[in-house]
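> Sequence first, then the predicted structure, then my questions.
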Amino acid sequence: MKIKLLIVCLVAFTTSLFAQEQNMTAQEITDFKSKIVKEAKSITSLTTSFVQYKHLEFLSNDVESSGKMIFLAPDNLLWEYSKPYKYSIIFQNNKVNINNQGSKSTIDAKNNKLFEKINKLIIGSVSGNMFDESEFQIQYAKSKTHNIAKFTPKSKDILKLIKKVELYFPLNDNTVAEVKLIETSGDYTKIVFKNKVLNAKVDKSDFTF
């Protein structure tokens, strides 16, 4: 009798887990994409703080870092880490500029197809212009709190680095609130955005390398 009760409890628990997330219907996908694209067209800038959690299988606790992100349309993007150390990445004019505590380097994404696609993916995830089905297989889901878009790269080069990218949009917000990058190994990086400000004036000097 106890075994039967245990099985019933396990089935109920598993069912409740799956019930937390459901695939969107075709109409829901159309409506969701329409809202995101419409919002993206109205965004000239986006400023937000973020907290990043790096999950590594061999560590008991996630590695946490934080900073700010600034997006200036059409393709200027700054990630500036302030804790636990200073580190910044600027995506601008098909170039990736990296400042690692004073040590600077530049990668020309235009001449590197892998970085070009990663650059496009990251900027698209922030700006909302990311529904490129020629580059990704896209699955749409929903929970009680979020709409979710899951991107699986078609490029074998990107798949070597990133297995899947998941974007989480609150039901009452058409801009991304959380990004999860899942690696082939199963490790992942989760970035949670906080205190987002849309279309405020952005100083171009923020993107000076």
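Noted; the coordinates are in hand. Every value quoted in this text rests on a predicted model; they were computed, and no experiment measured them.

> Show me where this structure has its strands.
In the chain, the segments counted as strands under DSSP state E are 22-23, 45-55, 63-72, 76-83, 87-92, 95-100, 103-108, 136-142, 146-153, 164-170, 178-182, 188-198.

> Counting by contacts, list what the second one packs against.
Translated: strand 45-55. Applying 3 or more CB pairs under 8 Å, 6 or more residues apart in numbering; DSSP states H and E, one finds that strand 45-55 makes contact with strand 63-72, strand 188-198. The way it works is simple: take the backbone N, C-alpha and C, and place the C-beta from them, glycine included.

> same thing with the fifth one?
Using 3+ CB pairs under 8 Å, 6+ apart as the contact criterion, the secondary-structure elements in contact with strand 87-92 are strand 76-83, strand 95-100, helix 113-127.

> Could I get the strands of the chain in a markdown table, plus columns for distance to S125?
Formatted as a markdown table, those follow (distance: least, CB to CB, whole Å):
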| stretch | distance to S125 |
| --- | --- |
| strand 22-23 | 21 |
| strand 45-55 | 11 |
| strand 63-72 | 10 |
| strand 76-83 | 10 |
| strand 87-92 | 12 |
| strand 95-100 | 15 |
| strand 103-108 | 19 |
| strand 136-142 | 11 |
| strand 146-153 | 8 |
| strand 164-170 | 6 |
| strand 178-182 | 6 |
| strand 188-198 | 10 |
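
> So which of those is nearest T208?
The closest of those to T208 is strand 87-92. By CB to CB, the value is 8.5 Å.

> tell me the angle of the closest one relative to strand 95-100?
With axes from the mean of the first three to the mean of the last three CA atoms, to 10 degrees as the basis, strand 87-92 and strand 95-100 are set at 170 degrees to each other.

> Give me the contacts around strand 87-92.
For strand 87-92, contacts defined as CB atoms under 8 Å, 6 or more residues apart in numbering pick out 75-81, 96-101, 109, 119, 122-123, 207, 209.

> go again using 6 Å as the cut-off
Applying CB atoms under 6 Å, 6 or more residues apart in numbering, the contact partners of strand 87-92 are 76-81, 97-100, 119, 207, 209.

> Need the residue closest to the centroid of this protein.
The residue lying closest to the centre of the chain (CA atoms, centre = their mean) is V179, at 2.8 Å.

> Among the contacts of strand 87-92, give me the pair with the biggest separation.
Within these, N76 and N100 form the most distant pair, 20.0 Å apart (CB to CB).

> In terms of neighbours, single out the busier of the two.
Between N76 and N100, counted using other CB atoms under 10 Å, N76 has the larger neighbour count: 18 against 13.

> what's near enough to touch that one?
By CB under 6 Å, 6+ apart, the contact list for N76 reads Q92, F207.

> what do you get if the cut-off is 8 Å, keeping everything else the same?
I70, I90, F91, Q92, K204, F207.

> Low-confidence stretches in the chain?
Within the chain, the segments meeting pLDDT under 70 span 1-19, 113-115, 118-119.

> Okay, T44 and V197: tell me how far apart.
Going from T44 to V197 by CB to CB, to the nearest Å gives 12 Å.

> Name the residues of stretch 61-81 that are buried.
Under the neighbour-count criterion of 16 or more other CB atoms under 10 Å, stretch 61-81 has 65-73, 75-81 buried.
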